[in-house]
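Novice: got a sequence here, can you build the structure:
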Amino acid sequence: MNNTELWRLTSIKLLNDVYSKFREECKANGVTLQKLVNRSMFLYLNSPEFKTQIKEIKDLKENYKGTLIYEFYHHNHENGPLKSFDI
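Specialist: Numbers count the residues shown, from 1 in each chain. Coordinates of the predicted model:
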């Protein structure tokens, strides 16, 4: 198996405050984002308990409150546009 068959290069968006805290923590124990993601995906696929834990996390949703992302995600499109501007 060659390197391109083994790895998948991807890009993801991370919450700034969560990533900053993660980087500080990682300096002390040597865990990389790549290690964390690979191990987390493995556990998600192989551990029903871990999958449940991931699905039940509520704290991260709070990071979006008051942002356009939160408003867009929770917007009922039947009520019209998300934002309107007077021109």
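
Novice: and the pLDDT at the most centrally placed residue in the chain?
Specialist: Nearest residue to the geometric centre of the chain (C-alpha atoms, centre = their mean): Leu14, 5.8 Å. According to the prediction, Leu14 has pLDDT 83.

Novice: try the one 5 residues further on
Specialist: At Tyr19 the predicted local distance difference test score is 88.

Novice: and it, how many neighbours?
Specialist: By the measure other C-beta atoms under 10 Å, the count of residues near Tyr19 is 12. Every C-beta, even on glycine, is put in place using the N, C-alpha and C of the backbone.

Novice: that one and Arg8: what is the separation?
Specialist: For Tyr19, the distance to Arg8 under the criterion C-beta to C-beta, to the nearest Å works out to 20 Å.

Novice: what does Lys35 give?
Specialist: Distance of Lys35 to Arg8, computed by C-beta to C-beta: 15 Å.

Novice: these two: which has the busier surroundings?
Specialist: Per other C-beta under 10 Å, whichever of Lys35 and Arg8 has more neighbours is Lys35, with 11 against 6.

Novice: other SSEs contacting whatever helix or strand that one lives in?
Specialist: Secondary structure here is read from DSSP states H and E; on that basis Lys35 sits in helix 33-46. Counting contacts by 3 or more C-beta pairs under 8 Å, 6 or more residues apart in numbering; DSSP states H and E, helix 33-46 packs against helix 16-29, helix 48-55.
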